[in-house]
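>>> predicted coordinates and the sequence they were generated for:
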Protein chains: 2
Amino acid sequence: MAPEDAMVAGAEKRPVSSVLLVIAMQTEALPVVQKLSLTEVADSGFPKGVPWVRYHGFYKDLEINLVWPGKDQTLGVDSVGTVPASLVTYAAIQALQPDLIINAGTAGGFKEKGACIGDVYLATDVAYHDRRIPIPVFDLYGVGCRLACSTPSLQKELDLKVGKLSTGNSLDMSPQDESSIIANDATVKDMEGAAVAYVADLLKVPAIFVKAVTDIIDGEKPSAEEFMQNLIAVTAALEQGITKVIDFINGKCLCDL
Amino acid sequence: MAPEDAMVAGAEKRPVSSVLLVIAMQTEALPVVQKLSLTEVADSGFPKGVPWVRYHGFYKDLEINLVWPGKDQTLGVDSVGTVPASLVTYAAIQALQPDLIINAGTAGGFKEKGACIGDVYLATDVAYHDRRIPIPVFDLYGVGCRLACSTPSLQKELDLKVGKLSTGNSLDMSPQDESSIIANDATVKDMEGAAVAYVADLLKVPAIFVKAVTDIIDGEKPSAEEFMQNLIAVTAALEQGITKVIDFINGKCLCDL
């Protein structure tokens, strides 16, 4: 056993003490910040000039950090998508060395797979649907499928739906995206999950994915419209889902999740 | 003038001393490593476990670092695309504080815009073509258009073609990608440029983009096939283009490029 494997095994046998929440949008983050009584950290530990925001606090026996990639410095909108999510996840892992990452946010859902507006999903697998590289092996790299940290007890105990998550940088869905999402067998579709999973895997931090459904992709309404309409209400459901997950994690080891 | 602006202004008035090359593929990187007599750095300064590779050396009056995101740890292929490129660019800027970034690599070209196999382009603008977010302002954020560092003298003196660069995570081109590439007025298409530009902008490091054409996107052959066929030959042209650019930069201030 390599020393780092021993460390990981050791970490699995003591209760989780530090959780990093990675959330892409302010509207998604603020209800959680409020519920867990987190406070914004003025000296975030991030490089000067980046818009990334860190909230910190203690909730029950857990140290909680919540990071959000902040507003785009030119356009003022939330820095959604895979690149800002991967950067802030990387920087936060380096600075904070969390035991566990929770990537939480809103998502589109497929009614054909049983998703309804307001459902909160725990993703078992994450993959990309917008990285098509039709060269052998590169094709698999493009899909970049990764398993979430195994959490059979959490899945069993909590009333969360379970499904696969597919990630792409577009809010809409092209026919090519749709084929890839079907190939990924996804129930929910977001814009960050697979990138957070990539960084977590690179730096060997276990990660789970909690996604609340704002819009039905295979429904009748355009995604963007439905997303905007439901965003506020669904972030309340998301906050409740995240709190349930964190309550469950409190006092437990990774291997008991 | 804020202190950091004064620093940037100061940096512009002294010769460039440290250049960071960001290259996505080993096949693209190695001819440059050889030509500039760079050596691989065993202790790269990057976190333990990441596959990122750093080469270092001095060429004329310049300190050169070349970073490459390395091989995917599971699949063994080059870690192409926006997420690994953004991460390695971020980590390299933090560790090395370069005066200038050169993102170099191969690209697809549009013959309608004058591109031919083996052409080496200097990109004036970079933008994304696979981040469609049809919500006002988010749409512009998705496109993420950024200007390359202005280099009028370099453009005039060197025999490089000039055009706009569009970035996406797929090697192929869907009809939606095509519409966005046309909207971006792009002559060349790659898989990393806009992500490197984003990180460079975030951390206020000037960046230029040197891209050599491996395949004609609006031609008759499938991109993947043509890309594989021309990759080796075109990386030689790319190395020559990069060397010309670096020779030109040597001894000059940013404001004289």
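Thanks, I have the structure now. Numbering: from 1, shown residues only, chains lettered A, B, ... in the order given.

>>> which stretches of chain A have low pLDDT?
Scanning chain A for pLDDT under 70 picks out A:1-12.

>>> residue boundaries of the strands in it?
Here chain A has its strands, by DSSP state E, at A:18-23, A:39-40, A:53-59, A:62-68, A:100-109, A:120-128, A:146-147, A:161-167, A:188-190, A:207-216.

>>> quick check, distance from the last one to the centre of its chain.
Here the centre of strand A:207-216 is set off from its chain's centre by 8 Å, with C-alpha atoms, centre = their mean, to the nearest Å.

>>> cool, and the fourth one?
Between the mean C-alpha point of strand A:62-68 and the mean C-alpha point of its chain there is a distance of 13 Å (C-alpha atoms, centre = their mean).

>>> hmm, that strand touching chain B?
No. Strand A:62-68 stays clear of chain B (C-beta under 8 Å from any C-beta of the partner chain), getting no nearer than 14.4 Å. Placement of C-beta: from N, CA and C, glycine included.

>>> just checking: what are the partner strands of that strand?
Partners of strand A:62-68 in the sheet, by DSSP bridges, are strand A:18-23 (parallel), strand A:53-59 (antiparallel).

>>> circling back to that earlier point, let me have the strands of chain A in a markdown table, adding distance to B:Tyr90 as columns.
Below are the strands of chain A laid out as a markdown table (distance: least, C-beta to C-beta, whole Å):
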| stretch | distance to B:Tyr90 |
| --- | --- |
| strand A:18-23 | 16 |
| strand A:39-40 | 22 |
| strand A:53-59 | 16 |
| strand A:62-68 | 14 |
| strand A:100-109 | 18 |
| strand A:120-128 | 20 |
| strand A:146-147 | 21 |
| strand A:161-167 | 20 |
| strand A:188-190 | 22 |
| strand A:207-216 | 19 |
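
>>> pick the most buried one from those strands.
strand A:188-190 (a mean of 29; mean count of other C-beta atoms under 10 Å in any protein chain shown).

>>> grab the nearest non-local neighbour of A:Ile217.
A:Gly108 (4.3 Å; C-beta to C-beta, 6 or more residues apart in numbering or on different chains).

>>> tell me what the residue nearest the centre of chain A is bridged to.
Nearest to the mean C-alpha position of chain A, by C-alpha atoms, centre = their mean, lies A:Asn103 at 2.1 Å. On the basis of DSSP bridges, A:Asn103 is bridged to A:Val22, A:Phe209.

>>> same check on the one 5 residues further on?
With DSSP bridges applied, the residues forming beta bridges to A:Gly108 are A:Lys189, A:Asp215.

>>> wait, doesn't it sit right on A:Ile216?
Yes. With contact defined as C-beta atoms under 8 Å, A:Gly108 counts as touching A:Ile216 (7.3 Å).

>>> could you pull out the helices in the stretch 151-257 of chain A for me?
For the stretch 151-257 of chain A, the helices defined by DSSP state H, counting those that start in this stretch occupy A:152-157, A:175-183, A:193-202, A:223-249.

>>> what residues does the stretch 1-150 of chain A have near chain B?
So far as C-beta under 8 Å from any C-beta goes, the stretch 1-150 of chain A lies against chain B at A:4, A:47-50, A:72-73, A:75-77, A:79-84, A:86-87, A:90-91, A:94, A:128, A:130-135, A:137-138, A:140-142.

>>> would you list the buried entries among those residues?
A:50, A:72, A:77, A:79-84, A:86-87, A:90-91, A:128, A:130-133, A:138, A:141-142 (16 or more other C-beta atoms under 10 Å in any protein chain shown).

>>> residue contacts, A:Phe110?
A:Ile181, A:Ala186, A:Thr187, A:Val188, A:Lys189, A:Ile216, A:Ile217, A:Asp218 (C-beta atoms under 8 Å, 6 or more residues apart in numbering or on different chains).

>>> how about A:Val245, nearest residue that isn't a chain neighbour?
A:Val210 (5.9 Å).

>>> does the one you found really touch A:Tyr121, like I thought?
Yes. Using C-beta under 8 Å, A:Val210 is in contact with A:Tyr121, at 7.3 Å.

>>> identify the contacts common to these two.
A:Leu160.

>>> quick one: the closest residue to A:Val143 other than its chain neighbours and A:Ala91, what's the gap?
Taking C-beta to C-beta, 6+ apart, and ignoring the residues beside it in sequence, A:Val143 has A:Ala127 as its nearest neighbour in space, at 5.1 Å. According to C-beta to C-beta, to the nearest Å, A:Ala127 stands 24 Å off from A:Ala91.

>>> and what of A:Asp177?
Distance from A:Asp177 to A:Ala91, by C-beta to C-beta: 29 Å.

>>> what does the stretch 151-257 of chain A put close to chain B?
A:168-172, A:174-176, A:195, A:198-199, A:202-204, A:222, A:224, A:227-228.

>>> measure how far stretch A:232-247 is from the centre of its chain, please.
Using C-alpha atoms, centre = their mean, the offset of stretch A:232-247 from its chain centre is 13 Å.

>>> can you list the buried residues in that stretch?
By 16+ other C-beta under 10 Å, the buried positions in stretch A:232-247 come out as A:Val234, A:Thr235, A:Ala237, A:Leu238, A:Glu239, A:Gly241, A:Ile242, A:Lys244, A:Val245, A:Ile246.

>>> CA-only coordinates of it in PDB, if you can.
What follows is stretch A:232-247, C-alpha atoms only, in PDB (Å, rounded to 0.1, in the frame of the first residue of the first chain):
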ATOM      1  CA  ILE A 232     -35.900  30.600  -6.900                       C
ATOM      2  CA  ALA A 233     -38.400  27.900  -5.700                       C
ATOM      3  CA  VAL A 234     -36.100  25.100  -6.700                       C
ATOM      4  CA  THR A 235     -33.100  26.600  -4.800                       C
ATOM      5  CA  ALA A 236     -35.200  26.200  -1.600                       C
ATOM      6  CA  ALA A 237     -35.600  22.500  -2.400                       C
ATOM      7  CA  LEU A 238     -31.900  22.300  -3.100                       C
ATOM      8  CA  GLU A 239     -31.000  23.900   0.200                       C
ATOM      9  CA  GLN A 240     -33.200  21.300   2.000                       C
ATOM     10  CA  GLY A 241     -31.600  18.500   0.100                       C
ATOM     11  CA  ILE A 242     -28.000  19.700   0.900                       C
ATOM     12  CA  THR A 243     -28.900  20.200   4.600                       C
ATOM     13  CA  LYS A 244     -30.300  16.600   4.800                       C
ATOM     14  CA  VAL A 245     -27.100  15.300   3.200                       C
ATOM     15  CA  ILE A 246     -24.900  17.300   5.500                       C
ATOM     16  CA  ASP A 247     -26.900  16.200   8.600                       C
END
